[in-house]
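K.L.:
what's the 3D shape of this:
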Amino acid sequence: MSLANADGQKVTFVVQESKQKVKDEQVDQLAQVLGQDRADECIYNATTFQFDSVLLAKPGVMGVLEKHLEAAIAEMVEGKLLLGDEPEELLAAESVRTFKPGMLQRLAELCGRDKVKMQGVLAAMGSCATRYVRA
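P.N.:
Model (predicted):
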């Protein structure tokens, strides 16, 4: 976004998305600007998975995982490669609520080209959108 004053001096305002957790306050602020339905279209839960390295190091575990994750865990339980609580400990999942990728590209359409709404959405995004000012 480029802005100019009466003297012809210009500044360019650049906003980029960054992947960070979305706080409840940001969701509420976004819902106030766009309405709850539109706000819900902008947010999803991004899930990352991490494997327990000790259990992955057990003989035969990694080879089975390479075939099919869900089927492999069942196979490891049946084959007694993982015992007791080990199947639950093998896979740690983390779910983080974040803004959907491409929100900034859709910003004008999402806000009906309303500049006040666009400013409100950017404010709601907070640290989830990195802002740069280039003079």
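K.L.:
mean confidence (pLDDT) on stretch 121-134, please.
P.N.:
Per-residue pLDDT values over stretch 121-134 give a mean of 82.
K.L.:
run through who's touching it.
P.N.:
Residues outside stretch 121-134 that contact it (Cβ atoms under 8 Å, 6 or more residues apart in numbering) are 11-20, 22-23, 26-27, 29-30, 33-34, 98-99, 103-104, 107, 110-111. Backbone N, C-alpha and C define where each C-beta goes, glycine included.
K.L.:
can you rerun that using 6 Å?
P.N.:
Contact partners of stretch 121-134, identified using Cβ atoms under 6 Å, 6 or more residues apart in numbering, comprise 12-18, 20, 26, 29-30, 33, 99.
K.L.:
what's the closest of these to Met1?
P.N.:
Distance ranking of the contacts of stretch 121-134 against Met1, using Cβ to Cβ, places Phe13 first at 4.5 Å.
K.L.:
identify the spatial nearest neighbour of that closest one, chain neighbours not counted.
P.N.:
Closest residue to Phe13 apart from its sequence neighbours, by Cβ to Cβ, 6 or more residues apart in numbering: Met1 at 4.5 Å.
K.L.:
quick one, grab the pLDDT at that neighbour.
P.N.:
70.
K.L.:
same check, this time on Ala93
P.N.:
69.
K.L.:
who does the residue nearest to Ser2 when sequence neighbours are not counted form a beta bridge with?
P.N.:
In this structure, Ser2 finds its nearest non-sequential neighbour in Thr12, 5.0 Å apart by Cβ to Cβ, 6+ apart. Per DSSP bridges, the residues bridged to Thr12 are Ser2, Arg134.
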